[in-house]
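Colleague: Need a 3D model of the following:
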Amino acid sequence: MPAEPAKPRRLLWLDQARSVALLAMVIYHFCYDLEAFGHLPPGTMVSGWGAAFARTVAGGFLFLVGISLYQGHGRGIRWQAFFRRLAVICAAAALVTVMTYYVQGPRLVFFGILHSIAMSSVIGLAFLRLPIAVILVAAIAAATAPSYLATGIFDTPLLVWTGLTTLPVYAVDFVPTFPWLAPVLAGIATARITARAGLWNRPAAAPTRARRLMAWPGQHSLFIYLVHQPILIGILWSLRQIGWF
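Modeller: Just a heads-up that it's a prediction; the model follows:
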C-alpha cells in the first residue's frame, strides 16, 4: 500500500485562532455560571445576546475544525492520524455525556460540541477534494436543512442528533449535525480558497515568545475544554463558601 502523506507543518496562526475561540468560550461559560449562581437574571445566557454569543462561539470552533481538517488531510487523508484524533474526541464526548448525566440527569449532553465535531469531521472527509462551489452550496444546504427537512418525517428519538426532528430537546448543550455541519464545510471551503491563493505556502516569520504563548492554549484545546468548567465552578463555589461571592 502507498505510504500516507507526510504530516503537515503546524500553523501558528491556526493555534492562535483556537486560543481566541477558547477565550470566548471561557467568557461565555463564566457568564453562564454567574447566572447559575444567581448573579445574572435567569435566561440571560440562553436568550438574546447570550444565545447569539453562544452560537457565535460554537460556529467559530466548527469553522476552525473545517480549516484544520483540510490542513491535516487536504493533500491526502492520513488515516492513522485521523482515526487517532477521532477516537480521542469520541472518548472526550463520551466523558462529557457521562459527567453531565451525573450532574444534570435528564438534561445531559448527549450531542454537544464534541459529538458534533466528531460527526462533522467524518462527513467533512467527503468534501476535501470536491469543487469549492459544491462545498459552499453544501454548506448553505446544511445551514438551512432544518427549515425544509424538519417536517416530522424524522421524528424519532434515534434521529434527534441530526437536528431534523421537531421533538423537543432539553439538554444543557445541543449542537446537532444540521445546521452545525455548515461552518465546518465553510471552513473547508475557506481553506481551499486560501491554499489555492498560495497563502499557506508563504514562509512564516520566526514566532516571538508572545505569539508562541498565545498559541499554547490552541495547541491544547481539548484539554482546556474539558477542565475549564470544573475549574470555574469550583472557584465560584469556593468564593461563595467563604462569603466573597
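Colleague: Quote the end-to-end distance of stretch 103-111.
Modeller: Terminal residues of stretch 103-111 are spaced 16 Å apart (CA to CA, to the nearest Å).
Colleague: quick check: mean pLDDT across it?
Modeller: Regarding stretch 103-111, the rounded mean pLDDT is 93.
Colleague: Outside of it itself, list whatever touches it.
Modeller: Identification of contacts with stretch 103-111 by CB atoms under 8 Å, 6 or more residues apart in numbering yields 96-97, 100-101, 115, 160-161, 170-176. For glycine as for every other residue, the C-beta is placed from the backbone atoms N, C-alpha and C.
Colleague: Mind giving me the ChimeraX command for buried ones among the residues you listed?
Modeller: Those of the contacts of stretch 103-111 that count as buried under 16 or more other CB atoms under 10 Å are selected in ChimeraX with:
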select :96,97,100,115,160,161,171,173,174,175,176
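Colleague: farthest-separated two in the contacts of stretch 103-111?
Modeller: Greatest spatial distance in those: Tyr101 and Pro176, 18.8 Å, computed using CB to CB.
Colleague: where does Gly198 fall, phi/psi-wise?
Modeller: phi 80, psi 10 (degrees, to the nearest 10).
Colleague: show me where pLDDT drops low in this protein?
Modeller: Residue ranges of the chain with pLDDT under 70: 1-4, 200-205.
Colleague: what about the helices in it?
Modeller: 12-36, 48-73, 79-104, 113-124, 132-149, 177-196, 209-219, 221-241 (DSSP state H).
Colleague: In contact with Val175: list those residues for me.
Modeller: If you count contacts by CB under 8 Å, 6+ apart, Val175 has them with 58, 111-113, 115-116.
Colleague: Hmm, Leu34 and Pro42 touching each other?
Modeller: No: using CB atoms under 8 Å, Pro42 is not in contact with Leu34; the gap is 11.6 Å.
Colleague: neighbour-wise, which of those two wins?
Modeller: For Pro42 versus Leu34, the count of surrounding residues by other CB atoms under 10 Å is larger for Leu34: 16 against 10.
Colleague: how close does the residue nearest to that one when sequence neighbours are not counted sit to Val26?
Modeller: Excluding its sequence neighbours, the residue lying closest to Leu34 (CB to CB, 6 or more residues apart in numbering) is Leu40, at 4.9 Å. Per CB to CB, to the nearest Å, Leu40 is found 16 Å from Val26.
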